[in-house]
Each structure stands twice: as C-alpha cells, then as structure tokens.
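# got a sequence here, can you model it:
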Amino acid sequence: MRIAAEVSKAMRNRIIPSISLIKLPPLPPPEAVAPPSIRQFSSSMSNSTHSPVAVEMIKYATSLAREQKTEESYARGLLVLEQCESTQSDDNTKGLVELARSTLMFERGLLESAIERLGKIQELSLSSIAIKVAASEALGGIYLEHYQEDAASAVADLALQIIGSIRLEIGNGGGFDILETRIKALKGLIELIRGNLDSACSIFDEVQGHRFFIGNAALSYGEYLHVMRNFSTAKELYKKVIKEMSENKGFSDPNNIGACNMAAEEVEIAAACALGQLEAHMGNFNDAEEILTAALKKTEERFGAHHPKVGVVLTCIALMYKLKATVERSSSLLIQEGLFRRAIELLKAPPLDVDGVASENVYRKDIIAFARGGYGETLCVQKSRKAEGERLKEWAENGWGNRCMSLGEALELSETSTRVPVIDTRICRVLL
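You can find the predicted model right below:
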C-alpha cells in the first residue's frame with residue numbers, strides 16, 4: 001500500500017488548520033495495489049512478541065509528549081521514539097514503534113507525517129499481521145474524520161484482500177477472525193456514515209458471533225445498533241468495550257493494538273460518550289449525566305481542557321440536557337446555552353458570515369452544525385435573542401450535510417423516530 005506517497009503530495013508538512021478541512025487526494029483502487037507477499041506474515045497470533053525495552057521506551061515517550069501537551073513536549077517524545085526505532089532489528093517491534101509515532105504525530109496535528117508512518121508499516125516484513133491491521137484501521141479513522149469515506153473504504157478493502165489471501169494460503173487456523181472483524185466493522189462504520197443502513201447491516205451480519213466484536217469493532221457495531229434503536233444490545237457492547245479498554249494497558253493483546261483516533265484511550269472515551277448518549281435516549285438522565293461527566297473529565301486529562309475533542313464531548317452533554325428538558329418539560333436554558341457556547345468555541349467554528357453552505361471546508365462540520373443548531377434553538381425561546389438564534393439555526397441547517405435526517409429532526413427526537421443520532425468522538429462525526 002502506497003498511502004503515504006499519495007497523501008504527501010497534497011499535505012506537505014501541514015498542521016490541521018483551525019477551521020479548514022484538509023482535502024486528501026483519492027486513493028488508487030485496492031486492486032491497483034499488489035498486496036504484500038504472504039511470506040511476510042505469521043500464521044499464528046502467538047508470534048506477536050515485542051522487545052520489552054522498546055515497549056518501555058514507547059510508554060516513556062508517550063508520557064513525555066502528553067505531560068505538557070506542547071509542541072516541544074511532543075517533539076521530545078517523537079525524538080525518543082525515533083531513537084528507539086533506530087536500535088531495533090525486529091520489524092515487528094519497529095511496526096509497534098511506528099504506530100506510537102503516528103499516534104503522537106496525529107495528536108500534534110501532523111497528519112501528513114502520521115499517514116506516512118502508517119504507510120511505512122505496510123512496507124515492513126512484519127511477523128504479525130496485527131500491526132498492519134491496526135495501521136489500516138488507524139488510516140481509515142483519519143480519513144473518516146476528514147470526510148474521505150472513499151479513501152477509508154479503499155484502505156479497508158485492501159486490508160480485507162490481504163487477510164483473504166492469507167486464508168487461501170494457510171487456511172482458517174491462523175486466528176485472524178478478530179482482526180478480520182475489525183476491518184469489516186470499519187467497512188460497516190463507513191456504510192453507516194454514508195447512510196447505507198442495509199449495507200451496514202449486511203456487513204455486520206457477516207460476522208458470526210459477538211465474541212469476535214472487541215474494541216473498535218464492538219464500538220462501531222454498538223453504534224450501528226444504537227442508531228437503529230436496539231438500545232439493549234448496544235448498551236451491552238458499549239459496556240464491554242469500556243471494560244476491555246480500561247484493562248488494556250499494554251501491548252500483550254495483539255487484537256487490541258491501535259493507533260491515532262482508533263487507539264485504546266480514544267476508544268474508551270468514545271464508548272463512554274456513546275453509552276452516555278444511549279442512557280439519555282432511554283430517558284435515564286441521571287446515569288447519562290454521570291457517565292458523560294466522567295467522560296468529559298477523562299477527555300480533558302487526555303487531550304487538555306482546550307482541545308476541540310472536549311468541545312465534541314460538551315456537545316454530547318448539551319444535547320443530553322436539551323433532551324432532558326424536553327422529556328421532563330423542565331427548563332435548563334442557562335446550562336444548555338453555556339455548554340453549547342463553550343463547545344462551539346472549542347470546536348473553533350467559523351464565523352457566522354462564513355456561509356453554512358460553504359461548510360464543506362469546515363473541520364468537524366457535523367458537530368459544529370449540531371452544536372450551533374442546538375444553541376440556536378436555545379436562544380429562540382428567549383424573545384430578546386430570537387433573531388440571534390434564528391441566524392445560528394440558519395447557518396447550522398445550511399451546514400448540516402446528513403441526508404438521512406434533517407437537523408431539526410435530529411434535535412427534536414421523539415419515540416416515533418426510526419433512528420437516533422449518535423456522536424462518535426473517535427472520528428468527530430454524527431452517525432444517523
């Protein structure tokens with residue numbers, strides 16, 4: 001896979017701009033890229049061993065980068081990882097280091113560099129396909145966060161093609177079911193984002209048995225069920241993910257290795273936010289508030305109090321209070337207004353004079369439109385601020401790109417709604 005070379009032409013040393021969406025070039029179709037030789041892969045997951053020294057250096061570098069969350073601290077962490085990789089002779093361990101490097105680069109906003117690192121993993125003669133699957137999953141997550149569904153689908157298709165080739169070569173005894181499920185779940189998430197619910201259902205139904213749904217795969221499947229109002233099963237999956245991720249503190253389980261916005265910490269936060277939204281949709285507002293508040297605290301600790309990801313979680317909380325006020329016929333206007341306003345600030349929303357119709361170039365546009373629409377409705381009930389509220393709503397409605405449900409319908413949920421909106425904090429998208 002030559003992902004890095006394709007992307008680098010369009011993203012030369014850029015940090016994500018505050019309100020601009022980076023336009024990534026289309027990827028070549030999977031069939032145009034020859035999959036790696038089967039000899040590069042292990043036929044057993046048990047061979048996925050890593051240097052203990054390298055693992056400790058990865059932990060140290062990650063802690064060093066995130067301690068202050070500054071460009072300087074991230075530069076120091078990346079330098080440690082660069083030195084770590086230079087001392088490794090085992091490609092399997094090098095691949096693990098590359099995943100860590102791509103994650104820190106992604107967090108710092110160096111998308112081109114992160115994608116290049118993920119692309120480099122595909123060129124290593126790894127003994128474990130788990131590293132390559134994690135890289136493909138992370139690359140797909142980056143593309144989805146930047147509204148590149150076709151590119152994400154191409155990445156997933158190629159990964160499935162590689163796994164299929166391995167099955168033909170060595171049979172079904174290699175223990176690849178969980179890894180294959182991760183890529184199929186990525187495909188299902190892509191179809192869910194596209195609004196192709198029948199296709200998403202078909203993809204998830206291909207997986208026989210919930211035991212293969214873990215981590216990102218379980219979360220994506222849970223979100224699909226959540227959108228379709230299968231609350232009980234979605235709740236079980238969300239709780240399963242939270243438990244698994246909280247216990248996944250190392251690299252011993254190759255099935256749970258992840259990177260970038262698909263890393264374990266991101267998955268745990270996303271599952272908690274999804275569970276909080278689900279409790280709100282079920283009318284369990286006390287539980288929803290407790291879960292979402294805990295998720296907010298964890299997000300602030302993980303990314304910093306001023307990170308846009310915090311704005312995404314605040315949007316979830318504001319929408320929860322909005323739904324609670326509607327169901328209980330109560331008023332929490334001041335709370336809603338404060339949460340929506342702070343969320344919009346952290347999301348770095350463009351000025352209102354930037355037409356919502358032109359919001360194709362706005363980063364995290366789904367969440368911004370959702371937050372601005374909710375904020376507008378909150379202001380509209382106040383006579384003195386109705387004009388301001390209408391302006392916010394107009395921008396949000398013009399910027400709302402979801403074809404499955406209007407913004408008004410998404411904000412005014414009812415028991416007769418066939419679907420409910422779910423915010424996925426991993427990729428900062430609204431699923432419907």
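
# in this protein, where is pLDDT below threshold?
Within the chain, the ranges that satisfy pLDDT under 70 run 1-48, 126-127, 171-175, 208-210, 249-250, 252, 355-361.

# how about the strands in the stretch 251-400 of the chain?
Using DSSP state E, counting those that start in this stretch, no strands are found in the stretch 251-400 of the chain.

# buried residues in stretch 223-233?
Using 16 or more other Cβ atoms under 10 Å as the test for burial, stretch 223-233 gives E223, Y224, L225, H226, V227, M228. Where you see a C-beta, it was placed from the backbone N, CA and C, and this is true even at glycine.

# wait, the fifth one sits on V422?
Yes. Here V227 lies in contact with V422, judged by Cβ atoms under 8 Å, at a distance of 5.5 Å.

# hey, what's in contact with both of these two?
Residues touching both V227 and V422 by Cβ atoms under 8 Å, 6 or more residues apart in numbering: L431, L432.

# find the nearest non-adjacent residue to I58, please.
In this structure, I58 finds its nearest non-sequential neighbour in A100, 4.6 Å apart by Cβ to Cβ, 6 or more residues apart in numbering.

# what does D424 give?
D424's closest residue in space is L431 (Cβ to Cβ, 6+ apart), at 5.7 Å.

# and for V80?
Of all residues not flanking V80 in the chain, A61 sits nearest, at 3.8 Å (Cβ to Cβ, 6+ apart).

# how about A185?
A185 sits nearest to A217 (Cβ to Cβ, 6+ apart), 3.6 Å away.

# now the helix or strand hosting the one you found, how far from the centre of its chain.
Taking DSSP states H and E as the definition, A217 sits inside helix 215-227. Centre-to-centre, helix 215-227 and its host chain are 12 Å apart (Cα atoms, centre = their mean, to the nearest Å).

# tell me what that helix is packed against?
Under the contact definition 3 or more Cβ pairs under 8 Å, 6 or more residues apart in numbering; DSSP states H and E, helix 215-227 sits against helix 177-194, helix 197-205, helix 231-247, helix 264-281, strand 422-424, strand 429-431.

# ok so, going back, residues contacting the residue nearest to D424?
L431 makes contact with L192, I193, E223, Y224, V227, P421, V422, I423, D424, according to Cβ under 8 Å, 6+ apart.

# and which of those residues is nearest A200?
Closest approach between these and A200, by Cβ to Cβ: L192, at 4.5 Å.

# the closest residue to the closest one other than its chain neighbours: how many residues sit nearby?
Using Cβ to Cβ, 6+ apart and skipping the chain neighbours, the partner closest in space to L192 is A200 (4.5 Å). Taking other Cβ atoms under 10 Å as the neighbour definition, A200 ends up with a count of 26.

# pretty sure A200 sits against L186.
No. Judged on Cβ under 8 Å, A200 makes no contact with L186 at a distance of 11.3 Å.

# end-to-end on stretch 349-367?
10 Å (Cα to Cα, to the nearest Å).

# and what of stretch 323-338?
Taking Cα to Cα, stretch 323-338 runs 16 Å from one end to the other.

# contact partners of it?
By Cβ under 8 Å, 6+ apart, the residues outside stretch 323-338 that reach it are 280-281, 283, 285, 288, 318, 321-322, 374-375, 378-379, 381-382, 412-413.

# buried stuff in that stretch?
By neighbour count on 16+ other Cβ under 10 Å, the buried set for stretch 323-338 is L323, K324, A325, S332, I335, Q336, E337.

# mind putting those residues in JSON lines, distance to P351 included?
Formatted as JSON lines, those follow (distance: Cβ to Cβ, whole Å):
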{"residue": "L323", "distance to P351": "28"}
{"residue": "K324", "distance to P351": "31"}
{"residue": "A325", "distance to P351": "28"}
{"residue": "S332", "distance to P351": "27"}
{"residue": "I335", "distance to P351": "25"}
{"residue": "Q336", "distance to P351": "22"}
{"residue": "E337", "distance to P351": "19"}
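
# what is the nearest of the residues you listed to S89?
S89 lies nearest to L323 out of those, by Cβ to Cβ, at 55.5 Å.

# separation between the closest one and K386?
Using Cβ to Cβ, to the nearest Å, we find L323 at a distance of 22 Å from K386.

# likewise for R229?
R229 sits 33 Å away from K386, going by Cβ to Cβ.

# ok, E265 next?
Look at E265 and K386: by Cβ to Cβ, they are 42 Å apart.

# then K309?
Here K309 is placed at a distance of 32 Å from K386 (Cβ to Cβ).

# please say which of the two ends up with more neighbours.
With neighbours defined as other Cβ under 10 Å, K309 and K386 compare such that K309 has more, 24 against 13.

# quick check: that one vs A154, distance?
K309 is 26 Å from A154, by Cβ to Cβ.

# again, but for K132
15 Å.

# now for the contacts of L431: which two are most distant?
Farthest apart among these by Cβ to Cβ are Y224 and I423. That separation is 14.2 Å.

# doesn't T416 fall inside a helix?
No. Going by DSSP: H, G, I helix; E, B strand; the rest coil, the assignment for T416 is coil, not a helix.

# convert the C-alpha atoms of the one helix or strand F106 maps to to PDB, please.
Element membership of F106, judged by DSSP H and E, is helix 91-108. Provided in PDB are the C-alpha atoms of helix 91-108 (Å, rounded to 0.1, in the frame of the first residue of the first chain):
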ATOM      1  CA  ASP A  91      10.400  -5.400  12.100                       C
ATOM      2  CA  ASN A  92       7.600  -6.400  14.300                       C
ATOM      3  CA  THR A  93       8.800  -4.200  17.100                       C
ATOM      4  CA  LYS A  94       9.600  -1.400  14.600                       C
ATOM      5  CA  GLY A  95       6.000  -1.600  13.500                       C
ATOM      6  CA  LEU A  96       4.800  -1.100  17.000                       C
ATOM      7  CA  VAL A  97       7.100   2.000  17.300                       C
ATOM      8  CA  GLU A  98       5.700   3.300  14.100                       C
ATOM      9  CA  LEU A  99       2.200   3.000  15.500                       C
ATOM     10  CA  ALA A 100       3.200   5.000  18.500                       C
ATOM     11  CA  ARG A 101       5.000   7.700  16.300                       C
ATOM     12  CA  SER A 102       1.900   8.000  14.100                       C
ATOM     13  CA  THR A 103      -0.300   8.500  17.100                       C
ATOM     14  CA  LEU A 104       1.800  11.300  18.600                       C
ATOM     15  CA  MET A 105       2.100  13.000  15.200                       C
ATOM     16  CA  PHE A 106      -1.700  12.700  14.800                       C
ATOM     17  CA  GLU A 107      -2.300  14.200  18.200                       C
ATOM     18  CA  ARG A 108       0.100  17.100  17.400                       C
END
